[in-house]
Every structure is written in structure tokens, then in C-alpha cells.
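# Only the shape, not the letters, is given here:
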């Protein structure tokens, strides 16, 4: 009963309020709009109005992972060795652990070659040199006598025991040339024929065989495999 009385009172008050507002609804809405606009303007001026969250569009550069540029490494150009000295000065036979001086006489007379062989081994003057392709012929003594005063008579001792692939190093004044043995054989002096020229860099060693007939010769043939500047 009490709740009904309260409801009747409130309803009466609300009806009275509505009756008072309706005739002035235009004024009320105008005042309300002005108040709201002024309030919003003040809040906007002091940067108190919340801004909408913008959706950032990612560009292709942001999305795609950074890939470093890959460049193909350039191959090193082979070393070009220019030599001013085409003539050999020494020869090292690695398997025999021996280094011998090489003489370069300009005369091909047998007497002149024999005199040069007293000081080492000899590049035959009619054979090719170290610079261009061709065949270098180097002559040397061998002797197995127990008492030899001049060790150059034993310069090429043991070359008949060299094997395929053994290395022989020949030096000029500024370059070292490495050869590998291709062939080792014995032949009579009358059958020995050393070719010069050609497209390959060749080395031929020749010595006498003191155990056989005087005309027997041991011959070692080798091919250039590398060279390096000194």
C-alpha cells in the first residue's frame, strides 16, 4: 500500500516535469547542444580527447625480412710469373737429397762441355731454356769409385733409382720450377735422342752408367708441374 502511494507521487512529479519541459524543448535542446560543444572544444584544446587507434599498414619493406646481398666470390687469377733469367743455376733432386750447381756454357764442343762438367752439371746449349715451352737437357757425371776428389763426378749418382712422381726442382735467378718424373730408363749412347721444342715444359737428365759399357746412359724424363717466384 505504501509503495503504491510512492509510485503515485513519483508519477505525478515526472508528469509535471514533462509538462514543463515539452513547451520549452527547443530551448532545452539548444542549450544542451551549446553546453556540449563548449565542453568538447575545451577538452580538445587541452588535448584531453582520446584519439582513435589507427591501424598501421605495414609496407613491403617492413614485412619482408632483410636478405643480405650474396655476391659470387671472384676466382683468383693464376699467378703470372715473369722471369728475366731463362737459364738454370741449380738443380735439386729431392729423393736423393742433393742440390747441384748448373753451368750454362755457350759452346757445344765436347771439350768445352767436359770442362764445365768439372764444376757441376751442364745444360746443353742447344736445348731449350726455362721461359718458353720445350725441353731442357742437363748432363751430369756419375761415378761409384770410393775415392773421388772432385764430387762433381758423382753429381748424378742414383738418378737411375728415381721413380715416377719424384720431384726435381730447378732454380733460375728469380724462379723455382718443379718437375715430376715421368720415366727413367737406360739406353745406349747411339740410341739417345733428346727432342727440343714442343708445347710442353720438359726436363731431361742424362748421365753415364759406369757399371755397364761406356756407351750406356741413364735417362730421366720429367714434366713441369709448378713454378714460384723466389
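Noted; the coordinates are in hand. Predicted model only: the values in this text are computed from it and were never measured.
# Strands along the chain, start to end?
Secondary structure of the chain (DSSP state E): strands at 90-93, 98-103, 121-123, 134-139, 167-171, 175-188, 201-208, 216-229.
# Let me have the ones you listed in a markdown table, adding distance to residue 150 and mean neighbour count as columns.
All C-beta atoms are positioned from the backbone trio N, CA, C, and that covers glycine. A markdown table is the format used below for those (distance: least, CB to CB, whole Å; neighbours: other CB atoms under 10 Å):
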| stretch | distance to residue 150 | mean neighbour count |
| --- | --- | --- |
| strand 90-93 | 18 | 20 |
| strand 98-103 | 13 | 17 |
| strand 121-123 | 13 | 23 |
| strand 134-139 | 16 | 22 |
| strand 167-171 | 23 | 19 |
| strand 175-188 | 25 | 16 |
| strand 201-208 | 15 | 22 |
| strand 216-229 | 20 | 17 |
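# Could you list the low-pLDDT ranges of the protein?
Scanning the chain with the threshold set as pLDDT under 70 gives 1-84, 189-194, 209-215.
# And it, what are its domain boundaries?
2-57, 90-229 (automatic domain parsing).
# Helices along this structure, start to end?
Counting by DSSP state H, the chain has helices at residues 2-21, 25-45, 60-63, 110-117.
# could you check the angle strand 98-103 makes with the last one?
Angular relation of helix 110-117 and strand 98-103 on a 0 to 180 degree scale: 140 degrees, by axes from the mean of the first three to the mean of the last three CA atoms, to 10 degrees.
# what sits opposite the spatially closest residue to residue 119 that is not a sequence neighbour in the beta ladder?
The shortest distance from residue 119 to any non-neighbouring residue, by CB to CB, 6 or more residues apart in numbering, is to residue 103 (5.7 Å). Here residue 103 sits in beta bridges with residue 122, going by DSSP bridges.
# Residue 136 too?
Residue 136 has the following beta-bridge partners by DSSP bridges: residue 203.
# residue contacts, it?
Residue 136 is in contact with 88, 123, 127, 128, 129, 130, 170, 202, 203, 204, counting by CB atoms under 8 Å, 6 or more residues apart in numbering.
# ok, residue 132 - how many residues close by?
Residue 132 has 9 neighbours, counted by other CB atoms under 10 Å.
# List the residues that contact it.
Counting by CB under 8 Å, 6+ apart, residue 132 touches residue 86.
# Got the phi and psi for it?
The phi and psi values for residue 132, taken as degrees, to the nearest 10, are phi -90, psi 170.
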